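Student: After the sequence you'll find the predicted model.
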Amino acid sequence: MACAKDAATFRTILCSLLLLSLSCDCMAAELNQAQAALLQVNTSWEAARKIPQTLFGLFFEEINHAGAGGIWAELVSNRGFEAGGQNTPSNIDPWTIIGNESSIYVKTERASCFSKNIIALRMEVLCDECPAGSVGIYNPGFWGMNIEEGKTYKLVMYIRSMEPVELTASLTCSDGLQNMASADIVDNNVSDWRKIELQLVAQGTCRTSRLELTTSKRGVIWIDQVSLLPSDTYKGHGFRKELIHMLMDLRPQFLRFPGGCFVEGNWLRNAFRWRETIGPWEERPGHYGDVWNYWTDDGLGYYEFLQLAEDLGAEPIWVFNAGISHRDEVDTTTLRPFVEDILNSLEFARGSAESTWGSVRAAMGHSERFPLKYVAIGNEDCYKQLYQGNYLKFYDAIQEAYPDIQIISNCDGSSKPLDHPADLYDFHVYSNATFIFLMKDKFTRTSRTGPKVFVSEYAVTDPRDAGNGSLLASLSEAAFLIGLEKNSDIVHMASYAPLFVNDNDRFWSPDAIVFNSWQQYGTPSYWMQTFFRESSGSVIHPVRLASSYSSSLEASAITWKDNEDMFLRIKIVNFGPHAVNLTISASGLQAGVDTARSTVTILTSSDLLDENSFSDPNKVVPVSSGLPSAGEKMQALLVPYSLTSFDLALDQYRELIAEM
C-alpha cells in the first residue's frame, strides 16, 4: 500500500514534464490551444501482467543486400566466379580486367578443385613486356570496399599454373592510383591448386577501394575462391561490427531468419538450401536469389545465422521452405525428402557433437548445441494449394522428433480459428500510417484461446507516408507496438521488416537501418524501437485514456528492471497535429521516485515526413533529459506528432524484482 509521501513524490515529479519542442515565447499560447487528456495508470502489482520474454526481436531477410555486402563482412563479390551458375562462360561480374584485350584474356572454366563449385577463372597474360602497373583483374566488392588505415585484411585465394607464378595482390582506391596495401606471391610449385593466405595492412584509407590481382609475367594462371575479410569482425565471427552493434542496441529477444521470400524463391531451384550453406566456405556453391535478384555466395549461411542469434543473446527462429516457392510446389505425396532434410537441419543445430549432423556443426567450431526452439513452416504460403498438406507432414515429423519445438503456421488465426495444429501463427501487416495506427486495437478483438500470435513483419510502407523512413511512419508503428504490449497475453513476438538496406540496392523501402560500405544510420522506425527494448519480460499495467482527442493518442505503462534498479515507463504516442495537455493519475504506486535517476525521452521533429540520411543521420532521433523541478500538478505537454517516454526510477521495488 503506497504511503502519502510516495504519492506526493509521484505527483511532484510528473507535474513538471513539459516536453518542449516549442520555444518559450509560444509556451503560453500552446498551452491554451492544447487538447486536454487524462491518463489513468494502475501501478499496483496485483493488476500488473507479465509480458513474454520474447515479445520484441528481429527479422533478418537477405534483401537489399542486407547480408551479402551488408552484415556479412566479406568484401569480395562473386568470390568463386559462380554467379552465372555452372555454365561456361560464366558471369564474372563485378570482376573486371586490368589492361586491354591485347594484353590479357580471361574466361571461366570447369576447372576448380572444389566439387560443389566447379567454376574457376582462367587468366591468360599475353604480353611479354606488359604495360606499367601490370595487367590482371580487380574486384570492387559491393559498390566499393571500405579500406581503413591501420587495419588488417585477410586475403585467401586459390591459384594454379603450369609455370612459376609472380602475382601481386593489392588494395587500391577505385581509380587504381592510391595503393593502400600490397603483397607479392612468388611460387614455383603451383601445378596443383594451392591455397594462398596473406595479411594486408592498410597504409591509407579509401571508402571505394578494390582488390587487384596483377602480374607482368606472360603465362596462364587459374584463380578461384578469393576472399577478403577485415580482421576485426564481431567476435571474430565474420559480421560487420558497427551494424551488429546497432542490433545489440535494440536488445532483441529473437532472430527470425533467413526470410521472407528469400526462403521460398520464385522457383524452388533458387530457394535457400541450408545444407549448401554450411561447411567450409570454399565448398559452398552459392545461389541466385531470384526474388530480390542478386547472387549470394552463402558465406552467411544457416550456421552463421545460428551463431548470430547466439551472439545477440536472441532465440533463433528458423524459417524453412515448405516445399513451396512462388511458382512451383512439391506434392505432399513426394515431400518426404524435404521433411528428412529439415529434420537433419534440426539435428545440425541441436544434435550432440557425436550425431551425424551435430558432428558437422562441431567440426565448424561449435561443439555445444544451439538452443533452437522455434521453427516456421514456410513463409506467406497459407493460400497455396499444397500448404496445408505439406505443413502437416512437417508438423507431425518435428513433433515426434522434437516435441519441445514451437511450430509456427503461415495461416492467420486472428479472425477465425486455425483448422490445423500450431503453437503460433504468423501475422504480417504493411500499409499506410493511418491503417497501422488503427491496427493498435487489432488483437484486442482476437480470441485468447488457441495458438499465440507472431507479428513477424510489420511496417508503414505507403510511399506517401513512409518515404525512405519518416517520423510519421515511426509514430504509427509505435502506437501499433503499444497495442501489442497491451495484448501480449496473446501476442508473443513481433519484429519490424525489412531490417537492413544497402543504399546502393533499395529494392524495398523503407527499412530500419540504412548503410553503405562505411556508413550507417537508423531511420525513425529504428529509433522508435529503442523505446520498446526493455518491454520484453517486463510487466504491463492497466491504463485508461480519457479525452475528446483520445482517438489520436495511445499509451502504455510498464515496470522494467535494469540490474538492481526498477523503472516505471509511461509511453505516449501523440499521432495528431495538436499539442496535448496531459494529466497523469497514478494509483497503487508502491514506491518512491528517485528524481536524479529519472528521465524523459521524446522522438519528434519539425515536419512529420522528416527522414534521416547520411548527410543528417540524427535529424530524427530520441532526445533524453532529466526531470526538471516541479509543482503539484501532474501534467505533461505532449507536442504534436511525437512519441514520449517517462522513465521513473523507483526506490522501493527491490523486494519485487525477483517476481519479474
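Tutor: That came through, no problem.

Student: Now do the same for the residue nearest to S447 when sequence neighbours are not counted: helix, strand or coil?
Tutor: On the basis of CB to CB, 6 or more residues apart in numbering, the spatially nearest residue to S447 that is not a chain neighbour turns out to be P417, at 7.0 Å. Quick note: C-beta positions are derived from backbone N, CA and C, even for glycine. Classification of P417 using DSSP: H, G, I helix; E, B strand; the rest coil returns coil.

Student: Might you list the low-confidence residue ranges for the stretch 51-200 of the chain?
Tutor: Where the stretch 51-200 of the chain drops to pLDDT under 70, the residues are 88.

Student: and if we set it to 50?
Tutor: Residues of the stretch 51-200 of the chain meeting the criterion pLDDT under 50: none.

Student: Can you read off the pLDDT for the residue nearest to S447?
Tutor: According to the predicted model, the pLDDT of P417 comes to 94.

Student: I'd guessed it sits against G450; true?
Tutor: Yes: distance between P417 and G450: 5.7 Å, which falls inside the contact criterion (CB atoms under 8 Å).

Student: Those two: who's more crowded?
Tutor: The neighbour comparison of P417 against G450 (other CB atoms under 10 Å) goes to G450, with 14 against 10.

Student: Unless I misread the structure, that one falls within a strand.
Tutor: No: going by three-state DSSP, the assignment for G450 is coil, not a strand.

Student: got the contact list for it?
Tutor: Neighbour list for G450: G413, P417, L418 [criterion: CB atoms under 8 Å, 6 or more residues apart in numbering].

Student: of all the residues you listed, which comes closest to S606?
Tutor: Nearest to S606 out of the contacts of G450 is G413 (CB to CB; 42.2 Å).

Student: just how off-centre is the helix or strand where L167 lies within its chain?
Tutor: Assessed by DSSP states H and E, L167 sits inside strand 165-173. Taking the mean of its C-alpha atoms, strand 165-173 sits 35 Å from the chain's own mean (CA atoms, centre = their mean, to the nearest Å).

Student: One more: stretch 466-476?
Tutor: With CA atoms, centre = their mean as the basis, stretch 466-476 stands 18 Å off its chain's centre.

Student: Check stretch 43-54 too.
Tutor: Offset of stretch 43-54 from its chain centre (CA atoms, centre = their mean): 28 Å.

Student: how near is S605 to A478?
Tutor: Remark: distance between S605 and A478 (CB to CB, to the nearest Å) = 14 Å.

Student: Which of the two has more residues huddled nearby?
Tutor: A478 (28 against 21).

Student: Quick check: phi and psi at the more buried one.
Tutor: Here is the backbone geometry of A478 (degrees, to the nearest 10): phi -60, psi -40.

Student: wait, it sits on L643?
Tutor: Yes: the pair A478 / L643 is scored as a contact, 4.8 Å apart, by CB under 8 Å.

Student: what touches both of the two?
Tutor: Counting by CB under 8 Å, 6+ apart, the common neighbours of A478 and L643 are M528, F531, K571, V573, L603.

Student: count of residues packed around L247?
Tutor: Applying other CB under 10 Å, I find that L247 has 24 neighbouring residues.

Student: and it, that's in a strand?
Tutor: No: checked against three-state DSSP, L247 lies outside a strand; its state is helix.

Student: residues touching it, list them.
Tutor: By CB under 8 Å, 6+ apart, the contact set of L247 is L58, L312.

Student: Next, find the distance separating it from E304.
Tutor: Counting by CB to CB, the gap between L247 and E304 amounts to 14 Å.

Student: Kindly report the same for L372.
Tutor: As judged by CB to CB, L372 and E304 stand 14 Å apart.

Student: Looking at those two, which has the bigger crowd around it?
Tutor: E304 (24 against 19).
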